[in-house]
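> Below: sequence and its predicted model.
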Amino acid sequence: MRIGLLGCGIVGSGVYDIITDKMSPMVKNFEIAKVLVKTPEEITKPEMTNNAEEIFSDKTIDTVVEAMGGIHPAYEFITRALNSQKNVVTANKAVVAKYIDEFTALAKANNVVFLYEASVGGGVPWIKALRQAMRIDEVTHISGVFNGTTNLILSEMEEKGLSFDECLNTARRMGYAEADPTADIDGIDVRNKLIISTSLAVGKKVLAEEIMTYGIRGVAECDFEYFKSLNKHLRLFAESVIDEDMYCCRIEPTLFDVDAPEAGIKLNYNICSLYGRTIGTLKYIGQGAGKFPTANAIVQDLIDIDTKNTTLPEVSFDKNAKCEMTMLQGRYYVRYSAQCAQKIEDAFRGINFTKVPVNGAVAFVTEQIPTITIHDRIESAGVDLSDVFVARM
């Protein structure tokens, strides 16, 4: 296998090292033929280039690894590679979430392979596990803690009593958070991963606007003081339920009992869960980010292409499943500032709730309500989300 590697950052360099150092006998016949870097100044090896055309026009390169991230030019490069009859492997959850159906159809039309194991769960073999379960079962429930940055922030706040900003800066120093952490702390990164997972399970492209999403931006020390009194741990949790031709998805801060597996997920670790009618519940735990865990997943895909692993069912997105927002429910903790108290309490009129003691703030816990209701009521209050924090109990 001759490989064109697009990008040689953290993940791309991990792929390069595994293959060129022959870390496994399964890659002994793999060759990194070309490596695309952004500028001439980054060229430090003979196979490096800043001209993508050298990869796409080389007929001896049969497989492209996209490790650049982002939507553009990743979309154009993946499309170009597939149309050039080259297999494509990527870890790019943003571009896969947006174009998974298009890329899959394009690969089929060109008789090549498009794989994206590393796009969800990093080193956790989640996509393969999900597709394997689907050989026998209807998968009716998907859930997980899919983001290492939020894990680090929440566990540091919980254990050390530090502020959100202090823990975010710690995440930056450790390399888990970007300079702009929006995608992580607002749940966008997790949403992309849930789009990919749920789209596979329902056989239809799931849209971003169909996933009810709250991030962790508004969490404060006073919230953790209350959660500790309940002996609960807070995690940013993703969940989809599927019932025949209907599905519902949400991402939100969620409380777990101390002995729940999700409560123990910290740092860059992820937990990915599925439920199938005959297999029951399966949980997969591992490093969800990092140079070698993610690169390992990419190379696993390359090995599957090389060995012509055809044991998994063909993927298509032609089902007529419908998003039904009321399928998921819960009791919700709502903490808000005194300045917006009247607006919040007016917005929740008609819903039973109980005020709870939170140091220096106002908070209540609702009765069981549909998740979409909490989103509708908070939106109708017209308050700044930095003044409100919501978590499912």
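Perfect, I can see it now.
> Would you agree residue 248 falls within a strand?
Yes: Residue 248: assigned to a strand according to DSSP: H, G, I helix; E, B strand; the rest coil.
> roughly how far apart are the residue nearest to it when sequence neighbours are not counted and residue 256?
With sequence-adjacent residues excluded and distances taken as Cβ to Cβ, 6 or more residues apart in numbering, residue 248 is closest to residue 327, at 3.6 Å. In this view, the C-beta of every residue, glycine as well, is placed from N, C-alpha and C. According to Cβ to Cβ, to the nearest Å, residue 327 stands 21 Å off from residue 256.
> thinking again about what came up before, just the pLDDT for the residue nearest to residue 248.
Residue 327 carries a pLDDT value of 98.
> what do you get for residue 357?
pLDDT at residue 357 comes out at 91.
> Repeat that for residue 171.
So residue 171 comes in at 87 (pLDDT).
> in the stretch 1-150 of the chain, which spans are strands?
2-6, 31-36, 48-49, 63-66, 87-90, 114-115, 139-145 (DSSP state E, counting those that start in this stretch).
> So which bits of the longest one are buried?
What it means is strand 139-145. Across strand 139-145, burial judged by 16 or more other Cβ atoms under 10 Å covers 139, 140, 142, 143, 144, 145.
> Could you do the second one as well?
Applying a neighbour-count criterion of 16+ other Cβ under 10 Å, one finds 32, 33, 34, 35, 36 buried in strand 31-36.
> re the thing from before, dump the buried residues of strand 139-145 to a markdown table, plus pLDDT and distance to residue 85.
Output for the buried residues of strand 139-145, formatted as a markdown table (pLDDT from 0 to 100; distance: Cβ to Cβ, whole Å):
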| residue | pLDDT | distance to residue 85 |
| --- | --- | --- |
| 139 | 97 | 32 |
| 140 | 97 | 37 |
| 142 | 98 | 33 |
| 143 | 98 | 38 |
| 144 | 97 | 35 |
| 145 | 97 | 38 |
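> Output those in CSV; the columns should cover distance to residue 360.
Compiled in CSV, the buried residues of strand 139-145 are given as follows (distance: Cβ to Cβ, whole Å):
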residue, distance to residue 360
139, 44
140, 42
142, 37
143, 33
144, 33
145, 28
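> so, if you compare the residues you listed, which one comes nearest to residue 80?
Nearest to residue 80 out of the buried residues of strand 139-145 is residue 142 (Cβ to Cβ; 31.8 Å).
> can you pull the contacts of the closest one?
By Cβ atoms under 8 Å, 6 or more residues apart in numbering, the residues touching residue 142 are 130, 194, 197-198, 201, 238-240, 242, 272-275.
> could the strands of the stretch 1-150 of the chain be laid out in TSV, adding distance to residue 368?
Below are the strands of the stretch 1-150 of the chain laid out as TSV (distance: least, Cβ to Cβ, whole Å):
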stretch	distance to residue 368
strand 2-6	48
strand 31-36	52
strand 48-49	57
strand 63-66	44
strand 87-90	40
strand 114-115	41
strand 139-145	18
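> Nearest to residue 126, out of these?
When the strands of the stretch 1-150 of the chain are compared by Cβ to Cβ, strand 139-145 sits nearest residue 126, at 8.0 Å.
> Strands along the stretch 151-300 of the chain, start to end?
For the stretch 151-300 of the chain, the strands defined by DSSP E, counting those that start in this stretch occupy 211-213, 232-243, 246-257, 269-276, 280-287.
> Between these, which one is closest to residue 185.
Residue 185 lies closest to strand 232-243 among these, at 8.6 Å (Cβ to Cβ).
> now for the closest one, which elements pack on it?
Strand 232-243 is packed against strand 139-145, helix 148-160, helix 188-202, helix 221-229, strand 246-257, with contacts defined by 3 or more Cβ pairs under 8 Å, 6 or more residues apart in numbering; DSSP states H and E.
> avg pLDDT for the third one?
This predicted structure assigns helix 188-202 an average pLDDT of 97.
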